[in-house]
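Enquirer: Model the following, please.
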Amino acid sequence: MQPLPSILGDCGLNQVAANPGATRSAIRKRGNIMDERDLILRGTNEELCATGESLHQSFLGSVSSIMLPLFLMALLVAPGFAATWFNPQSPKIDGNGCMICTLVMTVVERLAQYQTGPINNFIDTLCVKYLPPKAAGVCEYIVDNYGAQIIQLIESGANPDQICKAVGLCSGKCLLYPPNKENRQAEHMADKFHAMSVNYKVADSIWDWIIQHLEKPFKQHLPLIDLDGDKFSTHATLRGSNWRGKDCNDLSSSVYPGRKVPVDPTVDYNCNGIHGRNPQTNKLYKDELCSQSGQLGVAVLGGSACSHFSIRAKWVDWVNITSHTYDDLISGLENEIDWPHRSWATGYDTNDPLGGPVDSVYLRMRARNLCNHRDYQNIGVNGDSSNDIVETVSTLARNQTTDNPMLVFYSPLGDDICNMDTVDPLSRMTTVPQFKQNVLTALQTLDTMVPPGSHVVFFGIVNGSLLWDILHDHLHPFGVTYRQLYGWLYCLHSNPCTPWLNSNDTVRAAATQRAFDLSAQYSWIVQNVQFKNFDMVYYPTPVDQLIADWVKKGGQASDLVEPVDGFHPSQQLNALIGKWLFDQLAKDHPEFIGAVNPNNARIQQLFGDQGGY
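Expert: The predicted structure follows:
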């Protein structure tokens, strides 16, 4: 099978994926299935190839057009997959592919039950009716290959376990749903199709291609679109401005959020939307309104609980699915199913009424000093433990001589405990000496990057045993208990946190004790180690108390856990954490958040939303 083309190396084809039906019809006449994928992946308007910037936009459009099928087939960062995004060696039978297929087919099967008319009509229109236009082309290609099997299986009464066994992604050993022993027809059909399975004929070739082109945002954790190489972008997703403040000039590496020393003082060199001169005083507004305000940036180093991993509940709510349900699916995939712009550390996007409240340390620091606008960096990476942060800390964008100081949160909230080992998960947890050395090594690197006057806040590891205590008897949106969900993921070797998401009290208690022991190292470091460019403070995790307070006010503890994966902090809990941390710093260490800028009202009057985000 020939390799997929480089989208940046050849953009001559003018077959546009926005018209997938015509594309598929033409390809069928040529009888070459690879040609169809070739056209869809490379299909762009020739005019887009004229400039470097257009090449980037052309590439983005092509990436968007293939992301949804990868979600359906095996690339989506689902609960256990968050830690293994770039692991092409993961098993093709069971494992992550089986997990994703079962979850997706649950939605499709339940959605089909609410349709009128024949099942085949529903399957044929599924892609166009519910999915974003950019995804429809390849989605229909997958329906062409699997649709007939899926229709027959649904009509026979097969459940999602059996459907995914039939298409070759599951072995049938790990079941999410109780088997219907009386329905022998469905089981027989699943066995028959399984024997004829297509063996990932879509996923195999696309896998290598997508790794090649998306390694920068998803493995190096840097913006894909960054023309000047300053680690900031004008594009929102793919590690762009959803993660780091928006660049206001992607052709100048001396213009970016957080800069203090101007190259040209007449331009908005730090992208905070304040620019020009006061005609009455002839002073630059940046000097007049910001120079003495004590500007501070905000950054966070950690895992998926810092980048706000979330499979949105509306995506699996088959009762209320509409043509707009998946409007944010493409952007979600391009952000690794993270929502850093709504996280507790760097959240700023308050325009999502269905997702819950957004409150963050960054938003509150910006309100305190509007000169801090856009100065945030979320270096959270799904699955990052203290060992990984030793490397990812270097992706922080800060210059000690030209930039403002930073408030940096060091917070691998549970990734040194969590692993997918089903034999001896306790042995895979980070040891106390390893953890201490990892933290110190990362801090030594950070000390060479951040300007003097910066601050580091250690946020303690959570007590993950609360997840089992809160959820194990609750019903998951798919109609099974979380106990069943965790057990199924365990069977698939895809349980995101085997030490805590299991029914063994002894194992969960040992994991919690290790979390306490690791967090104690923060106290030791604060008391015994000093660094040149930042001071430090440690806060034990407040999650236990936040949950108790929430319940006391009439809420349910389950409101604070992501319902689909049953593992990560919900949007509501993210907001509570952000407010709690800011309030604690304001009380204990006001210097960590900077003074209130007396010029805020004047800035708002002159510059409005300061260019937004």
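
Enquirer: Quick check: K552 vs L546, distance?
Expert: Using CB to CB, to the nearest Å, K552 is found at 11 Å from L546. Using the backbone N, CA and C atoms, a C-beta is placed for each residue, glycine as well.

Enquirer: now W580
Expert: Distance, W580 to L546, by CB to CB: 6 Å.

Enquirer: Could you do Q377 as well?
Expert: Taking CB to CB, one finds Q377 at 25 Å from L546.

Enquirer: Neighbour count for these two, which is higher?
Expert: Q377 (27 against 18; other CB atoms under 10 Å).

Enquirer: Let's verify F458: helix, strand, or coil?
Expert: Using DSSP: H, G, I helix; E, B strand; the rest coil, the secondary structure recorded for F458 is strand.

Enquirer: That one and V408 touch, don't they?
Expert: No: applying CB atoms under 8 Å as the test, F458 and V408 come out as separate, 9.9 Å apart.

Enquirer: out of those two, which sits in the busier spot?
Expert: Remark: of F458 and V408, V408 carries more neighbours, 28 against 22, as counted by other CB under 10 Å.

Enquirer: tell me the pLDDT at the more buried one?
Expert: Note on V408: pLDDT of 98.

Enquirer: contacting residues around it?
Expert: A299, V300, L301, L396, L446, V450, S454, H455, V456, V457, F534 (CB atoms under 8 Å, 6 or more residues apart in numbering).

Enquirer: Any idea how many residues pack against the fourth one?
Expert: Think L396. Using other CB under 10 Å: L396 sits among 19 other residues.

Enquirer: and if you look at the first one?
Expert: As a burial measure, A299 scores 28 neighbours (other CB under 10 Å).

Enquirer: Where does it fall, secondary structure wise?
Expert: strand 297-302 (DSSP states H and E).

Enquirer: which strands and helices sit next to that strand?
Expert: When contacts are defined as 3 or more CB pairs under 8 Å, 6 or more residues apart in numbering; DSSP states H and E, strand 297-302 packs onto helix 361-368, strand 376-380, helix 386-392, strand 406-411.

Enquirer: Just the CA atoms of the helix or strand following it, as PDB, please.
Expert: Going down the chain from strand 297-302, the next helix or strand is helix 304-307, by DSSP H and E. Output in PDB follows, covering the C-alpha atoms of helix 304-307 (Å, rounded to 0.1, in the frame of the first residue of the first chain):
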ATOM      1  CA  SER A 304      -4.700  16.000  31.800                       C
ATOM      2  CA  ALA A 305      -6.300  17.400  34.900                       C
ATOM      3  CA  CYS A 306      -4.400  20.700  34.200                       C
ATOM      4  CA  SER A 307      -5.300  20.800  30.500                       C
END
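
Enquirer: ok, back up a step: nearest to W315, of the contacts of V408?
Expert: Ranked by distance to W315 (CB to CB), these are led by V300 at 25.5 Å.

Enquirer: Does the closest one have any beta-bridge partners, and if so which?
Expert: On the basis of DSSP bridges, V300 is bridged to N378, F409.

Enquirer: Could you measure from it over to L475?
Expert: 33 Å.

Enquirer: of the two, who's got more company?
Expert: V300 (26 against 14).
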